[in-house]
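Visitor: this one's sequence-less:
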Ligand code: HEM
Ligand SMILES: CC(C)=CCC/C(C)=C/CC/C(C)=C/COP(=O)(O)OP(=O)(O)O
């Protein structure tokens with residue numbers, strides 16, 4: 001970042017950020033690349049778990065890139081809609097739109113191009129069912145979740161659905177049927193998000209309060225409600241995460257998976273309980289870390305037993 005003190009207006013870009021590599025970095029940031037990267041892993045996982053022996057490399061490629069583009073579009077439109085609120089929060093004030101390094105119209109055009117490109121790829125590769133799921137997921141995130149954030153704590157239930165659908169998109173793209181397996185993968189992702197987000201909602205509560213977001217930690221600043229939601233999410237996650245043992249390629253591997261899933265859930269429940277008992281900086285940090293460990297370790301475990 002530059003130390004320049006030049007004042008910028010909504011229509012003037014900061015001079016130090018006009019190089020094309022810096023602009024590319026700003027466009028990249030609009031897509032929330034770390035969350036999209038994690039989503040891509042879940043998509044590839046869903047695809048792998050459902051794929052038959054004659055799976056197509058092209059369909060996998062088009063599913064991942066197409067969903068990545070649609071998810072990047074959703075994040076960009078979310079940032080476009082929230083640009084004035086992002087300016088009020090420490091965590092987001094330096095994003096390209098509130099920091100005025102990109103113009104709102106540029107983000108709107110970029111997000112629209114990503115959506116069209118992603119939709120075309122999904123139509124050409126995996127086909128209509130995956131495309132419809134992708135569009136549904138985009139609508140959930142941009143049209144329902146984003147405006148709901150300033151209106152009701154129900155926003156988390158909706159946002160969590162948009163975060164869990166991509167794994168089902170991968171599953172469906174590979175020819176998997178809607179059934180208990182697909183539902184359980186969706187369920188794991190869905191429930192995992194509650195402790196994940198409650199930790200964040202606590203850590204960012206002052207930001208959320210300032211921007212007027214209606215979150216569990218702003219309607220109940222004691223953290224009690226967030227703690228309960230984290231515990232309920234992690235407790236329900238335990239039985240739901242056992243269901244995909246069905247996808248293991250032998251009884252021994254299924255047993256190993258069950259043990260692994262129980263271990264991960266117990267750690268997650270423990271971190272949720274510690275947070276609920278004493279909501280604070282240390283317990284919320286531990287819970288967030290536990291969430292960011294749970295997901296890749298669960299994915300790794302399931303992929304290894306499904307070989
Ligand atoms: C209700 C749903 C969700 C909400 C509201 C949410 C919100 C957030 C927020 C605000 C952060 C930034 C935390 C910080 O700056 O300290 C974050 C981090 C993260 N989230 Fe989530 N998230 C949700 C679901 C998901 C899903 C579905 C995934 C991936 C499958 C995911 C993956 C991550 C990762 C990898 C990080 C750490 C990297 C980063 O800070 O960007 N999240 N989440
Ligand atoms: C195919 C498709 C459309 C997939 C969408 C995948 C996706 C972007 C999931 C994000 C889940 C989520 C609720 C993130 C938090 O957003 P936030 O607005 O609360 O985060 P912020 O405060 O950092 O902006």
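Guide: Arrived safely. Quick caveat: nothing in here was measured; it's all calculated off a predicted structure. Ligands and ions are numbered 1, 2, ... in the order given.
Visitor: Name the residues of the biggest helix by length in the chain that are buried.
Guide: As assigned by DSSP state H, the longest helix anywhere in the chain is helix 251-277. Residues 253-254, 256-258, 260-261, 264-265, 267-269, 271-276 are the ones in helix 251-277 that count as buried (16 or more other C-beta atoms under 10 Å). Where C-beta positions appear, they are placed from N, C-alpha and C, glycine not excepted.
Visitor: which strands and helices sit next to the helix or strand following it?
Guide: Sequence order places helix 281-305 as the next helix or strand after helix 251-277, per DSSP states H and E. When contacts are defined as 3 or more C-beta pairs under 8 Å, 6 or more residues apart in numbering; DSSP states H and E, helix 281-305 packs onto helix 33-50, helix 180-203, helix 251-277.
Visitor: quick one: the last one to helix 281-305, angle?
Guide: Right, helix 251-277. Calculated by axes from the mean of the first three to the mean of the last three C-alpha atoms, to 10 degrees, helix 251-277 forms an angle of 170 degrees with helix 281-305.
Visitor: From the contact counts, what lies against helix 251-277?
Guide: Helices and strands touching helix 251-277, by 3+ C-beta pairs under 8 Å, 6+ apart, are helix 180-203, helix 224-242, helix 281-305.
Visitor: who touches residue 193 in this structure?
Guide: Residue 193 is in contact with 156, 159, 160, 163, 164, 233, counting by C-beta atoms under 8 Å, 6 or more residues apart in numbering.
Visitor: measure the first one to residue 223 for me?
Guide: Right, the one you point to is residue 156. Separation of residue 156 from residue 223 (C-beta to C-beta, to the nearest Å): 15 Å.
Visitor: quick one: contacts for residue 60?
Guide: Neighbouring residues of residue 60 by C-beta under 8 Å, 6+ apart: 44, 47, 51, 173, 174.
Visitor: how about JSON lines for the residues you listed, with pLDDT and neighbour count added?
Guide: Compiled in JSON lines, the contacts of residue 60 are given as follows (pLDDT from 0 to 100; neighbours: other C-beta atoms under 10 Å):
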{"residue": "44", "pLDDT": "95", "neighbour count": "20"}
{"residue": "47", "pLDDT": "96", "neighbour count": "26"}
{"residue": "51", "pLDDT": "92", "neighbour count": "18"}
{"residue": "173", "pLDDT": "97", "neighbour count": "31"}
{"residue": "174", "pLDDT": "96", "neighbour count": "22"}
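Visitor: dump the residue contacts of the residue in the chain that ligand 2 sits nearest to.
Guide: Here the residue of the chain nearest ligand 2 is residue 159; by C-beta to the nearest ligand atom that distance is 3.1 Å. Applying C-beta under 8 Å, 6+ apart to residue 159 gives the contacts 141, 145, 149, 193, 197.
Visitor: Show me the subset of those that also lies near ligand 1.
Guide: Contacts with ligand 1 are made by 193, 197 out of the contacts of residue 159, judged by C-beta under 6 Å from any ligand atom.
Visitor: Which of the contacts of residue 159 has the largest number of neighbours?
Guide: Greatest neighbour count in these, by other C-beta atoms under 10 Å, goes to residue 197: 25 neighbours.
Visitor: Pipe the helices and strands packed on helix 251-277 into JSON lines and attach mean pLDDT and distance to residue 56 per row.
Guide: Output for those, formatted as JSON lines (pLDDT from 0 to 100; distance: least, C-beta to C-beta, whole Å):
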{"stretch": "helix 180-203", "mean pLDDT": "97", "distance to residue 56": "19"}
{"stretch": "helix 224-242", "mean pLDDT": "98", "distance to residue 56": "29"}
{"stretch": "helix 281-305", "mean pLDDT": "97", "distance to residue 56": "19"}
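Visitor: With distance to ligand 2 added, can I get the ones you listed in CSV?
Guide: Below are the helices and strands packed on helix 251-277 laid out as CSV (distance: least, C-beta to the nearest ligand atom, whole Å):
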stretch, distance to ligand 2
helix 180-203, 7
helix 224-242, 14
helix 281-305, 13
